[in-house]
Each structure stands twice: as C-alpha cells, then as structure tokens.
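Participant: With the input below, show me the fold.
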Amino acid sequence: MAHPKRRQSSTRRDKRRTHYKAVVPQLAKDATTGELHLFHRAHWHEGKLYYKGKVVLEKTVETTEEN
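Facilitator: Residues are numbered from 1 along each chain as shown. Next up, the predicted model:
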C-alpha cells in the first residue's frame with residue numbers, strides 16, 4: 001500500500017483545500033406553480049410532476065379490489 005515518503009507541508013495542504021467550498025444551489029421559480037426548484041430538474045407540486053412549467057406526470061392512486 002502506498003504511503004508518503006515526506007510529510008506534506010501545511011501550505012501545500014491549504015492550497016489544495018482552497019478549491020473545496022460550499023456553493024448555494026441555483027433556484028428557479030416555476031411560472032405555473034410559483035414553486036422554487038433546481039434548474040433543469042422536474043419537481044412535484046400537489047401530486048403532479050412539473051418540468052418547464054408543464055405537467056409531465058400526474059400521480060394516480062391505484063386501488064386493488066379484493067374478492
């Protein structure tokens with residue numbers, strides 16, 4: 001198994017970590033429902049799946065009859 005020959009300095013460690021940061025997700029407001037959602041993602045609102053302001057899928061409740 002590989003292991004370092006020399007200890008990495010704190011400066012080199014910190015330079016590597018400068019690119020690791022938290023980002024705020026980009027949110028869009030749907031024109032039809034007014035819901036906030038992630039860009040390029042479908043979102044559920046009141047049992048319907050919306051994408052680009054249009055209904056893509058409606059959630060239906062399936063009932064099974066037992067005899």
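
Participant: Pull the number of nearby residues for the residue lying closest to Glu58 once chain neighbours are set aside.
Facilitator: What sits nearest to Glu58 in space, not counting adjacent residues and going by C-beta to C-beta, 6 or more residues apart in numbering, is Lys48, at 5.3 Å. Any C-beta I mention is one placed from the backbone N, CA and C, and that applies to glycine too. Neighbourhood size, Lys48 [other C-beta atoms under 10 Å]: 15.

Participant: Specify the beta-bridge partners of Lys48.
Facilitator: His45, Glu58 (DSSP bridges).

Participant: Next up, the contacts around it.
Facilitator: Applying C-beta atoms under 8 Å, 6 or more residues apart in numbering, we find Lys48 in contact with 55, 57-59.

Participant: got any ranges where this protein has weak pLDDT?
Facilitator: 61, 67 (pLDDT under 70).

Participant: Now do the strands in it.
Facilitator: 27-29, 36-38, 43-45, 48-51, 54-58 (DSSP state E).

Participant: From Arg13, how far out is Pro4?
Facilitator: Separation of Pro4 from Arg13 (C-beta to C-beta, to the nearest Å) stands at 12 Å.

Participant: Which of those two has more residues huddled nearby?
Facilitator: Arg13 (10 against 6).
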